[in-house]
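K.L.:
Sequence and predicted model, in that order:
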Amino acid sequence: MPESFSDILSRGSVFIDRNVMSPHYIPENLPHREKEINKIMRAVLPALKNQRPQNLFIYGKTGTGKTSSVKYVMAKFAEMKSNSAISHVNCRIYNSRYRILNKMVAEHAPKFAKPGFGISFLYEKILDWVEGDGKNFIVILDEIDMVRDLDDLVYTLTRANDDLTKGGISIIGISNRLSFKDRLDPRSRSSLLETEIVFPPYNSKQLQSILEGRVKVGFADGVVRESAINLAAAIASQETGDARYALQLLLKAGEIVDEAGGNGVEDKDVELARKSVDEDVAYDAISTLPEHQRVVLYAVASMTISGSRYQKLSDNGEGYLLSGEVYEGYLSYSRKLGKKPRSARWFRQYLSDLEMLGLITMVESGKGQRGHTRLIRIAYSPEKVKDIIEKSIA
DNA sequence: CCTCCACAGGAAGCGCAGGAGT
DNA sequence: ACTCCTGCGCTTCCTGTGGAGG
């Protein structure tokens, strides 16, 4: 006999408001980002005085509060009366100059946002609209490194300021990769990077106080042990200082406690949450894998179970696989599946992709192994990975 | 010491699908 | 709707590296 909704409802929950633990939630104040917020405010301040703000570039790893800080400042900014407009564009979705301009028009002059208009038409519509009352238009480009033709976009937007007689357009770019700067044309680089702010990762203490702040609002009084908060902070800071991950740990821990009908979040719940969150990440990564990478991973998993022909022992006694023998395995598995195997060169590329995703780890062969090869080990339990792949094929 | 083996990873080139511009 | 262009996935070819074996 399954439980009814009201059964579950009446059982109560450790949460008051789960949304508070979501990464999209913007709290009343963002601890440990005062300096950065201040810089952003100073950067956009000219718009309140009817001057064009400088372009701004914000860089920091995931979960360092870049987007939250910008959203926070922009919310405050919108409260002030000013002759300005803001567009917040997620470049992961709007990833070309055309799409971004289209989105800008759609947000502020929807009647012109029909498909089929060329770039130049959209450009002129934006100019007209900005010039109409000489406003300052701030375009926030979140995950700006995803834009394919970024040079063209930056050129178009900065060029607009020359074509405008009144008002101006400025860019706030947000990225978690610094390397994309190298791909930029020097001219667009210098105009995009007029002002630069770097968001450092949070340390354990800072994560702790962030979590405490959220727990106070999101969870019922006193249900989360302080040591559990500290543990979540410690785990997250050990990884990358990612606040998103830390919040996810506590959210999941709370869900685990709710499900078990408990009434307090303890260290062990955070430990369980960590396993589950990591597994979710692995599951997502595996199930969205291109098929040949999946076959490679499958070969690694099953060969780990059956054992390597070479079975060299590492320091903690676990076996490594050699890339050569994994290629053999990959060949036979792809043929078994009726797929034409890719070349050895591309196979190596697959391996390093899988390593990037954290699904396998590789080390250069040291002494004892013949020549120059890589020793491969799977990052998660091979049985589980095999299981996930078998299910995702069916 | 030299050569060979087994592999790493860069460079160039090719066909294809999908997007931009007309 | 139609062509042109570009990025992408992939192959082929190539050079580099370090231990094993003659």
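P.N.:
Ah, there it is. Every value quoted in this text rests on a predicted model; they were computed, and no experiment measured them. Numbering: from 1, shown residues only, chains lettered A, B, ... in the order given.

K.L.:
dump the residue contacts of the residue of the stretch 51-200 of chain A found nearest DNA strand B.
P.N.:
Taking C-beta to the nearest atom of the strand, DNA strand B has its nearest neighbour within the stretch 51-200 of chain A at residue A:98, 3.9 Å off. The way it works is simple: take the backbone N, C-alpha and C, and place the C-beta from them, glycine included. If you count contacts by C-beta atoms under 8 Å, 6 or more residues apart in numbering, residue A:98 has them with A:119, A:122.

K.L.:
I'd like the distance between the residue of chain A found nearest DNA strand B and DNA strand C.
P.N.:
Closest approach between chain A and DNA strand B, counting by C-beta to the nearest atom of the strand: residue A:324, at 1.4 Å. Look at residue A:324 and DNA strand C: by C-beta to the nearest atom of the strand, to the nearest Å, they are 12 Å apart.

K.L.:
Can you check the pLDDT for the nearest residue to that residue once chain neighbours are set aside?
P.N.:
Nearest residue to residue A:324, sequence neighbours excluded (C-beta to C-beta, 6 or more residues apart in numbering): residue A:373, at 6.5 Å. Looking at residue A:373, its pLDDT is 76.

K.L.:
Burial check on residue A:373, number of neighbours?
P.N.:
15 (other C-beta atoms under 10 Å).

K.L.:
Isn't it up against residue A:320?
P.N.:
No. When contacts are counted by C-beta atoms under 8 Å, residue A:373 is not listed as touching residue A:320 (10.0 Å).

K.L.:
Dihedrals phi and psi, residue A:338?
P.N.:
Phi and psi for residue A:338, reported as degrees, to the nearest 10, are phi 70, psi 20.

K.L.:
how about it, what does it touch?
P.N.:
Contacts of residue A:338 (C-beta under 8 Å, 6+ apart): none.

K.L.:
residues touching residue A:207, list them.
P.N.:
Residue A:207 touches A:232, A:233, A:236, A:237, A:241, A:243, A:246, counting by C-beta under 8 Å, 6+ apart.

K.L.:
Tell me which residues touch residue A:130, please.
P.N.:
A:137, A:160, A:164, A:166, A:167, A:168, A:169.

K.L.:
and the gap between the residue of the stretch 51-200 of chain A closest to DNA strand B and residue A:189?
P.N.:
22 Å (C-beta to C-beta, to the nearest Å).

K.L.:
Any stretches of the stretch 51-200 of chain A with poor pLDDT?
P.N.:
A:111-118, A:178-183 (pLDDT under 70).

K.L.:
tell me the strands in it, going along the chain?
P.N.:
Ranges of strands in the stretch 51-200 of chain A, per DSSP state E, counting those that start in this stretch, are A:56-60, A:84-90, A:136-142, A:168-175, A:195-199.

K.L.:
I'd like those laid out as a markdown table, including mean neighbour count and distance to residue A:355.
P.N.:
Below are these laid out as a markdown table (neighbours: other C-beta atoms under 10 Å; distance: least, C-beta to C-beta, whole Å):
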| stretch | mean neighbour count | distance to residue A:355 |
| --- | --- | --- |
| strand A:56-60 | 23 | 24 |
| strand A:84-90 | 19 | 28 |
| strand A:136-142 | 23 | 27 |
| strand A:168-175 | 23 | 23 |
| strand A:195-199 | 16 | 26 |
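
K.L.:
for those, which one sits closest to residue A:34?
P.N.:
strand A:195-199 (12.4 Å; C-beta to C-beta).

K.L.:
Packing partners of that closest one?
P.N.:
helix A:34-44, strand A:56-60 (3 or more C-beta pairs under 8 Å, 6 or more residues apart in numbering; DSSP states H and E).
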